[in-house]
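Enquirer: Model the structure of this input:
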Amino acid sequence: MRCALHVIGTQGDVIDLHSESSFRVFAKLDIALSNYPLKVLHEYALDIKQALRTAYWVLEHEVPELANKVDSSIDRLMLLPMAARVLIQLIGKLKPTNIYFSSYGLREGILFYQMPERIKNLDPLIEACRYQEGSSARFPGFGEKLFNWILPIFSNLEKDDIRLYRAACLLHDTTWKAHPDYRAEMSFETVTRTNLGGINHQGRIFLALALMSRYKKIGPSKNLEVPLRILGENRAEEAIILGRAMRLGAMVSGTSAVNLKKCKLYKKNKILYLNLRKSGKDLAAGLVERRLKALADGMNIKYSVLIT
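Expert: Below you'll find the model as predicted:
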């Protein structure tokens, strides 16, 4: 059973499956059978009906049929029926409402417990994004400045949203080396495929859509098939608005922290204000104003440019 299951942890109505082989293959199979659009195993979630449906499907089919659905070794596929039986028994005994798959296993757990407390307490998502910014962005460090600049227009954010917004800003310019025509798509593909911890599939798609919106205009239905399936319409709109805010900040400052200090973005009485210094008054017209209008339209409020 070593290759079928390493660790099982339960948290309330949830089963977390940490596996090196059979349960990972089970998740891959379910992704294929359900035509799920995001091919990332970590934090892949199943409700119980779907998990049982796939488990019984495994028991009803031979190994060659399994091989046609999922790319894995024959040795692992031969153990998949055993994993399905174990999962059925676990569901019957523990009666969870959801199952989450983890790409981490015993090795990562042992390493984690050997870390100093200060390292354990770091946010894995933010640290990964900071590393990516430091290695790939034109101006490392600007992402945090951009986050603080746009934050005043987003009121009542939940704690999890704050970290997603910060992560998006850290990643906002990490695909700048790509051709401008492809930066939006590359941003989306990078976030949906890269190795990120501390984030579920909904958060991953939120980040990807926000970064796509940072580089191109996204309409109500254009480019939204995958995000809408995973996020829903309202959440997708929030990601697009975040992307437009980042796009405005990058445009008005030229991704320069010094220039960003010379202007202020805030919201008051359902009006979005961009406050520019007199030295930057030439920015009040043209592309910057169009970016401001697009952001205000997404927020369904008016906008105004102030020169002080």
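
Enquirer: same question for stretch 230-247, mean pLDDT?
Expert: The average pLDDT within stretch 230-247 is 94.

Enquirer: Output it as PDB - backbone C-alpha positions only.
Expert: Extracted as PDB, the C-alpha positions of stretch 230-247 are listed here (Å, rounded to 0.1, in the frame of the first residue of the first chain):
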ATOM      1  CA  ILE A 230     -13.800  27.800 -12.300                       C
ATOM      2  CA  LEU A 231     -14.400  31.300 -10.900                       C
ATOM      3  CA  GLY A 232     -17.900  32.400 -11.900                       C
ATOM      4  CA  GLU A 233     -18.900  35.700 -13.500                       C
ATOM      5  CA  ASN A 234     -18.600  38.000 -10.500                       C
ATOM      6  CA  ARG A 235     -15.200  36.800  -9.400                       C
ATOM      7  CA  ALA A 236     -13.900  36.900 -13.000                       C
ATOM      8  CA  GLU A 237     -15.000  40.600 -13.200                       C
ATOM      9  CA  GLU A 238     -13.000  41.300 -10.000                       C
ATOM     10  CA  ALA A 239      -9.900  39.800 -11.500                       C
ATOM     11  CA  ILE A 240     -10.300  41.900 -14.700                       C
ATOM     12  CA  ILE A 241     -10.700  45.100 -12.600                       C
ATOM     13  CA  LEU A 242      -7.500  44.300 -10.700                       C
ATOM     14  CA  GLY A 243      -5.700  43.800 -14.000                       C
ATOM     15  CA  ARG A 244      -7.000  47.200 -15.300                       C
ATOM     16  CA  ALA A 245      -5.700  48.900 -12.100                       C
ATOM     17  CA  MET A 246      -2.300  47.300 -12.500                       C
ATOM     18  CA  ARG A 247      -2.300  48.400 -16.200                       C
END
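
Enquirer: tell me which residues in that stretch are buried?
Expert: Within stretch 230-247, the residues that qualify as buried are 230-231, 235-247, counting by 16 or more other Cβ atoms under 10 Å. C-beta here means a position set from N, CA and C on the backbone, and glycine is covered the same way.

Enquirer: In the stretch 201-308 of the chain, where is pLDDT below threshold?
Expert: By pLDDT under 70, the weakly predicted segments of the stretch 201-308 of the chain are 219-223, 279-285.

Enquirer: For it, which segments count as helices?
Expert: Here the stretch 201-308 of the chain has its helices, by DSSP state H, counting those that start in this stretch, at 201-215, 225-231, 233-253, 257-260, 287-299.

Enquirer: Out of those, which gets nearest to F154?
Expert: Ranking the helices of the stretch 201-308 of the chain by their distance to F154 (criterion: Cβ to Cβ) puts helix 233-253 first, at 7.7 Å.

Enquirer: coming back round to it: any chance of CSV for the helices of the stretch 201-308 of the chain, columns distance to S72?
Expert: Below are the helices of the stretch 201-308 of the chain laid out as CSV (distance: least, Cβ to Cβ, whole Å):
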stretch, distance to S72
helix 201-215, 21
helix 225-231, 24
helix 233-253, 33
helix 257-260, 48
helix 287-299, 43
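
Enquirer: Highest mean neighbour count out of the ones you listed?
Expert: Across the helices of the stretch 201-308 of the chain, averaging neighbours per residue (mean count of other Cβ atoms under 10 Å) puts helix 201-215 on top, at a mean of 25.

Enquirer: Tell me how far the residue nearest to I301 when sequence neighbours are not counted lies from H42.
Expert: Nearest residue to I301 in three dimensions, chain neighbours excluded: K270, at 4.8 Å (Cβ to Cβ, 6 or more residues apart in numbering). From K270 across to H42, the span is 40 Å (Cβ to Cβ, to the nearest Å).

Enquirer: These two - which one has more neighbours?
Expert: H42 (18 against 10; other Cβ atoms under 10 Å).

Enquirer: does the more buried one really touch F101, like I thought?
Expert: Yes. Using Cβ atoms under 8 Å, H42 is in contact with F101, at 7.2 Å.

Enquirer: ok, and the closest non-adjacent residue to I199?
Expert: Nearest non-adjacent residue to I199, counting by Cβ to Cβ, 6+ apart: L125, 5.0 Å away.
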